[in-house]
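**Student:** Provide a 3D model corresponding to the input given below.
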Amino acid sequence: MKDSRHVHVIGTGTIGEPLIGLLCDYRKDLGIDTVSFHKRTPLTHERSKVRNLLDRGALLCTDDTSIPKFDAQGMKVSLESEEALRRASVVIDCTPVGNDNKAKSYEHHRQETLGFVAQGSEFGFGKMYARGVNDSALERGKDQFVQVVSCNTHNISVLVDTLALRKKDPANLVEGRFLLMRRASDISQDGDYIPAPKVGKHDDPVFGTHHARDAFHLFETLGYKLNLFSSAIKIPTQYMHCLWFNIRLKEKVSHEQVIQRLKGNDRIALTEKKSANQIFSFGRDHGHYGRILNQTVVVVPTLQVRELGEGSEVIGFSFTPQDGNSLLSSIAVSAWFLYPDDYERRIQCLLPYFFPEV
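**Tutor:** Numbering: from 1, shown residues only. Predicted coordinates for the structure are as follows:
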C-alpha cells in the first residue's frame, strides 16, 4: 500500500462535484490524506466551482498543455494528470466514458493503484456494487474495478433486498416489476429538458430496461438469480426520479411487517409527503449541500399489501435521492479499497445525512 492515501476523482459533474466536496469535508474521518480532481478544460463559468473545491482542500489536476490556461484564469493546478493517476490509491471516474478510460489509461496503472470506481452508465467496468446490498461479495485482491450501480438501480435493489431477501432466501422473491418515472435533467443542467412525457423502449428482452438488468447482475454477485423487469418514462421535471414497484413474495406479510422491515434499514427513508418538490426541498434544507444519502424514500400512504395465493404482493411508490445513493456507494467502496477491515466504521461519519423520515 502507498504511504499516502490519495483519492483522485475524474469529472466535476452532477456526481463528481458533490463527491469531491464530501471527500474533502470528511477526509480525516475516512482516513484520506489528499483528495484531487481532474478537469480537462478551464471554463470561466465554472471557475467559481473549481475555486470552491480548492478552498475545501481538493487539488486540481489537468493535462500538461492545459496548465497555463488554468493558471491564467486564477485556478491553481497542483498535479499533472498522469502524475495524479500514479499517486492515486483510489480513482473514482464520474464521467460517461469510464470504460474508455479503463482501456486507455487505468489498465496501465493497475500495479500502483488499489482500486478504480466507475458510475452506473459504465456497464462491464467491473463488479457491480451498492452499499449494504452486496458488500459481502467484494473480494480483496480480485475486485480492483468496481461499478457503482445507477441511482434508480439502487432504489430497486434496496427495496428487493429489504422486503424479499432479508433472510437471504432468493426463492422468497416471486417477481419484481418496476416503473421508473425519470426526471428529464438535473437542476444543474441546461440541456436535455423535454416538453412532455417520453416513454422509453424495452431494449432488453429479459429485463426491459437496464435498471432491472443491472439489479439482476448486482444480486448475481451474491449467487442470486432474480425475476426482475423494469420500464421507464421520462417526465418534464428536474426534481427527482420516482419509482412504482410491485414486489411479489412467496411468504405472507402484513402491512405492519412491511413498514417494520423498511424502518429497520437505515438506508431507507419513509415519508408522508407525496410530491417530489417537497422531498427535494427537505434534502435542500437538511442534506449535505442539498443531498440526502438514503438509497430510497418510500411514500408510506401509497403502500399496499395484498394476499396473492399463498403469498403476498407489496405495491407502492418511492422517490430516488438521485446522486445521493451513488455518492454513498462511491465513498463506501473507496474506503473499502483503503481499509477493507475497517471501512464500515469509518463511513459512519456520513450518518447525519441518513434520515429515517423525510
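
**Student:** what ranges do the helices span in the stretch 51-200 of the chain?
**Tutor:** Ranges of helices in the stretch 51-200 of the chain, per DSSP state H, counting those that start in this stretch, are 67-72, 81-87, 98-104, 151-163.

**Student:** so of the ones you listed, which one's packed in deepest?
**Tutor:** For the helices of the stretch 51-200 of the chain, average neighbour numbers computed from mean count of other C-beta atoms under 10 Å are highest in helix 151-163, which has a mean of 27. Where C-beta positions appear, they are placed from N, C-alpha and C, glycine not excepted.

**Student:** ok, back up a step: ok, which of the helices of the stretch 51-200 of the chain comes nearest Thr209?
**Tutor:** helix 151-163 (9.0 Å; C-beta to C-beta).

**Student:** how about that closest one as CSV, C-alpha atoms only?
**Tutor:** Presented in CSV, the C-alpha positions along helix 151-163 are these (Å, rounded to 0.1, in the frame of the first residue of the first chain):
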residue,chain,number,x,y,z
CYS,A,151,-29.3,5.8,-8.6
ASN,A,152,-32.5,4.1,-9.8
THR,A,153,-30.9,0.6,-9.6
HIS,A,154,-30.0,1.5,-6.0
ASN,A,155,-33.7,2.2,-5.4
ILE,A,156,-34.8,-1.1,-6.9
SER,A,157,-32.1,-3.1,-5.2
VAL,A,158,-32.6,-1.8,-1.7
LEU,A,159,-36.4,-2.5,-1.8
VAL,A,160,-35.9,-6.0,-3.1
ASP,A,161,-33.2,-6.7,-0.5
THR,A,162,-35.2,-5.3,2.4
LEU,A,163,-38.7,-6.7,1.5
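
**Student:** I'd like the helices of the stretch 51-200 of the chain laid out as a markdown table, including distance to Val7 and mean pLDDT.
**Tutor:** Conversion of these to a markdown table gives the following (distance: least, C-beta to C-beta, whole Å; pLDDT from 0 to 100):
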| stretch | distance to Val7 | mean pLDDT |
| --- | --- | --- |
| helix 67-72 | 21 | 92 |
| helix 81-87 | 10 | 92 |
| helix 98-104 | 16 | 94 |
| helix 151-163 | 21 | 97 |
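
**Student:** possible to save those as a markdown table with distance to Arg182?
**Tutor:** Formatted as a markdown table, the helices of the stretch 51-200 of the chain follow (distance: least, C-beta to C-beta, whole Å):
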| stretch | distance to Arg182 |
| --- | --- |
| helix 67-72 | 35 |
| helix 81-87 | 33 |
| helix 98-104 | 21 |
| helix 151-163 | 7 |
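
**Student:** to Glu112, which of those helices lies closest?
**Tutor:** helix 81-87 (6.0 Å).

**Student:** okay, strands next: where are they in the stretch 1-150 of the chain?
**Tutor:** Per DSSP state E, counting those that start in this stretch, the stretch 1-150 of the chain carries strands over the ranges 6-10, 34-38, 59-62, 77-80, 90-93, 115-118, 127-129, 145-148.

**Student:** partners of the shortest one in the sheet?
**Tutor:** Strands adjacent to strand 127-129 in the sheet, as given by DSSP bridges, are strand 145-148 (parallel).

**Student:** low-confidence stretches in the stretch 1-150 of the chain?
**Tutor:** 1-3 (pLDDT under 70).

**Student:** wait, doesn't Ile10 sit right on His38?
**Tutor:** Yes - checked against C-beta atoms under 8 Å, the pair Ile10 and His38 is within contact range at 4.8 Å.

**Student:** these two - which one has more neighbours?
**Tutor:** More neighbours surround Ile10 than the other of Ile10 and His38, with 28 against 22 (other C-beta atoms under 10 Å).

**Student:** for that one, give its distance to Val97.
**Tutor:** From Ile10 across to Val97, the span is 9 Å (C-beta to C-beta, to the nearest Å).

**Student:** try Thr113
**Tutor:** Counting by C-beta to C-beta, the gap from Thr113 to Val97 is 18 Å.

**Student:** same drill for these two, tell me which one is more crowded.
**Tutor:** Remark: of Thr113 and Val97, Thr113 carries more neighbours, 21 against 15, as counted by other C-beta under 10 Å.

**Student:** what residues are up against the nearest residue to the more buried one once chain neighbours are set aside?
**Tutor:** Excluding its sequence neighbours, the residue lying closest to Thr113 (C-beta to C-beta, 6 or more residues apart in numbering) is Ala88, at 5.7 Å. The contact partners of Ala88, taken as C-beta atoms under 8 Å, 6 or more residues apart in numbering, are His6, Val7, His8, Ser36, His109, Thr113.

**Student:** out of these, who's the most crowded?
**Tutor:** Val7 (29 neighbours).

**Student:** wait, doesn't that one sit right on Phe37?
**Tutor:** No - if you go by C-beta under 8 Å, Val7 and Phe37 don't touch, sitting 9.4 Å apart.

**Student:** show me how the chain divides into domains.
**Tutor:** According to automatic domain parsing, the chain comprises the domains 6-149+325-353, 151-322.

**Student:** quick revisit: quick check, nearest of the contacts of Ala88 to Lys201?
**Tutor:** Out of these, the member with the shortest distance to Lys201 (by C-beta to C-beta) is His8, at 36.2 Å.

**Student:** residues in contact with Gln147?
**Tutor:** 98, 117-120, 122-129 are the contacts of Gln147 under C-beta under 8 Å, 6+ apart.

**Student:** try 6 Å
**Tutor:** For Gln147, the contact set (C-beta atoms under 6 Å, 6 or more residues apart in numbering) comprises Ala118, Glu122, Phe125, Gly126, Met128.
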